[in-house]
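Asker: Quick one, structure for this:
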Amino acid sequence: MLTHEELLAAVPHCLDGTDLPELGEKYEGKVRDVYLRAGERVLITTDRISAFDRVLGLIPYKGQVLNQLSTWWFEKTADLVPNHVISVPDPNVTIAHEAEPLPVEVVVRGYITGVTKTSLWYLYEQGERQPYGIKLPDGLRKNDALPEPIITPTTKAEKGGHDEQLTRDEILERGIITPALWNEIEMAALVLFARGQELAQRAGLILVDTKYEMGLVNGRLTLIDEIHTPDSSRYWLADSYKPGGGTLDQPVHFDKEFLRQWYANKGYRGDGEPPKMTPDFIAQVATRYMTAYEKLTGQTFVPGEQPAAERIERNLTQRGKG
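Answerer: Below you'll find the predicted structure:
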């Protein structure tokens, strides 16, 4: 684990973006840069981080943590659902099959929580008992476990935009996804979540909820993007969770919610000018991300070089020869 001082020193050198035209045509997303080349995607995860659907800051080594942790998870779940990974030639980089992303993502939720205006807890607290078309019982408190994991679909938000929250019936009525494919997506998401919960429990963590993005590769349902990272999932320290603890008794987060809660505590929920993160807080967020990586994988996080076109190109060439 890098020290707080080492992370403070790294803050001014966060990777905000890449300019590697040698790798192909570039598309910039919320938190990563994507280069398209000959049936493949070169995914470069930067240190950009978003919260409340906006890019709000930079976290040192976040990209490398997410890239390497997601790679680890892909390996741990490859027997359940095919994924798009071809190779990982660089700490920041994944080479992936060109996929046809599906127009919806799914969130699997095991607990009722969250601080955003679209979170399950926020809607429930406002009196909504069927958020996303799913009937929930009265009497739930913030952070309570749900009777069983539930799936809520959402559209993919563009940079600076907001996810459109949908129900299963709306997806089928609009013809966004066929019933057969939707059933396949639900089954895949639930088995992935069960595996995620199992491995998180072994690491002393609770996988609270997670977002999965799926696509089609040669017509076959395939897991794409990233999986079970602190950006796409919520993790609580198991020893800090008290069932029925409610709003005032919060578990320790090792995920992006730690950042969101900081903004919410300052009265910011996505509208107007966000408060500026201090270097000290940025280092704290980085520590949470690295802790999640180390607890889950059992490996010490060691940062590598920032992505360089010539090194990536060399690895791609060597892979092609192999």
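Asker: Could you check how far L221 is from I185?
Answerer: 7 Å (C-beta to C-beta, to the nearest Å). (C-beta placed from N, C-alpha, C; glycine too.)
Asker: same check, this time on L36
Answerer: Noted for L36: a distance of 25 Å to I185, by C-beta to C-beta.
Asker: Between those two, tell me which one has more neighbours.
Answerer: Neighbours per residue (other C-beta atoms under 10 Å) separate L36 from I185, with I185 holding more: 22 against 14.
Asker: how close does the closest residue in space to H228 that isn't next to it in sequence sit to G215?
Answerer: Distance criterion C-beta to C-beta, 6 or more residues apart in numbering; nearest residue to H228, sequence neighbours excluded, is W73 at 4.4 Å. Separation of W73 from G215 (C-beta to C-beta) stands at 17 Å.
Asker: same for the longest helix along the chain, what does it pack against?
Answerer: Longest helix in the chain, counting residues (DSSP state H): helix 179-202. Counting by 3 or more C-beta pairs under 8 Å, 6 or more residues apart in numbering; DSSP states H and E, the packing neighbours recorded for helix 179-202 are helix 62-77, strand 100-111, strand 145-155, helix 168-174, strand 205-217, strand 220-224.
Asker: make it 6 Å
Answerer: Applying 3 or more C-beta pairs under 6 Å, 6 or more residues apart in numbering; DSSP states H and E, one finds that helix 179-202 contacts strand 100-111, strand 145-155, strand 205-217.
Asker: now the helices for the stretch 1-150 of the chain?
Answerer: With DSSP state H, counting those that start in this stretch, the ranges of helices along the stretch 1-150 of the chain come out as 4-10, 62-77, 120-125.
Asker: CA-only coordinates of the longest one, as PDB, when you get a sec.
Answerer: Looking back up the chat, that one is helix 62-77. C-alpha atoms of helix 62-77 as PDB (Å, rounded to 0.1, in the frame of the first residue of the first chain):
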ATOM      1  CA  LYS A  62      -7.300   5.100  -9.900                       C
ATOM      2  CA  GLY A  63      -7.000   3.900 -13.500                       C
ATOM      3  CA  GLN A  64      -4.400   1.300 -12.800                       C
ATOM      4  CA  VAL A  65      -6.300   0.000  -9.800                       C
ATOM      5  CA  LEU A  66      -9.500  -0.300 -11.800                       C
ATOM      6  CA  ASN A  67      -7.800  -1.900 -14.800                       C
ATOM      7  CA  GLN A  68      -5.900  -4.500 -12.800                       C
ATOM      8  CA  LEU A  69      -8.800  -5.300 -10.400                       C
ATOM      9  CA  SER A  70     -11.300  -5.600 -13.200                       C
ATOM     10  CA  THR A  71      -8.900  -8.000 -15.000                       C
ATOM     11  CA  TRP A  72      -8.700 -10.100 -11.900                       C
ATOM     12  CA  TRP A  73     -12.500 -10.200 -11.700                       C
ATOM     13  CA  PHE A  74     -12.800 -11.200 -15.300                       C
ATOM     14  CA  GLU A  75     -10.600 -14.200 -14.600                       C
ATOM     15  CA  LYS A  76     -12.600 -15.100 -11.600                       C
ATOM     16  CA  THR A  77     -15.900 -15.100 -13.500                       C
END
